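Trainee: Sequence and predicted structure below; questions after.
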Amino acid sequence: MDNIILKIVKAEYVENYVLRLTFNNEEVRLMDFAPLIGKGICQKLCDLDYFKSFTLDHFTVDWNNEIGFDPMFLYERSILIS
């Protein structure tokens with residue numbers, strides 16, 4: 001990644017604990033949060049309605065200003081779809 005600071009510019013719920021994330025480098029990736037669910041602060045994400053209530057802040061997906069992930073973390077753990 002050539003000195004770009006990754007940001008998520010669009011996020012859409014797909015199914016279960018999967019989000020479609022569009023990054024500012026124009027890549028669209030699928031992120032499955034299932035492996036993180038129930039661990040530490042991510043315990044709150046077990047509630048699927050809560051999981052679906054994410055918003056976007058200035059650089060990443062956010063759950064009620066309580067849970068957020070570094071865009072690089074999400075990028076590295078997601079699957080490129082376009």
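Mentor: Received, thanks.

Trainee: Return the set of buried residues in the biggest helix by length in the chain.
Mentor: Looking across the chain with DSSP state H, the single longest helix is helix 71-77. Residues of helix 71-77 classed as buried under the neighbour-count rule (16 or more other C-beta atoms under 10 Å) are 71, 74-75. Placement of C-beta: from N, CA and C, glycine included.

Trainee: Specify which member of the residues you listed is nearest to Ile41.
Mentor: Ranked by distance to Ile41 (C-beta to C-beta), the buried residues of helix 71-77 are led by Leu74 at 15.2 Å.

Trainee: how close does the closest one get to Gly40?
Mentor: The gap separating Leu74 from Gly40 is 16 Å, by C-beta to C-beta, to the nearest Å.

Trainee: ok, now Asp62?
Mentor: The gap separating Asp62 from Gly40 is 16 Å, by C-beta to C-beta.

Trainee: between these two, which one's more packed in?
Mentor: Asp62 (17 against 8; other C-beta atoms under 10 Å).

Trainee: which one's the longest strand in this protein?
Mentor: For the chain, the strand with the greatest residue count under DSSP state E is strand 8-15.

Trainee: ok, back up a step: what helices or strands is the longest helix of the chain leaning on?
Mentor: In this structure, helix 71-77 packs against strand 18-23, strand 28-32, with contacts taken as 3 or more C-beta pairs under 8 Å, 6 or more residues apart in numbering; DSSP states H and E.

Trainee: Please identify the deepest-packed of those.
Mentor: Most buried of these by mean neighbour count (mean count of other C-beta atoms under 10 Å) is strand 18-23; its value is a mean of 19.
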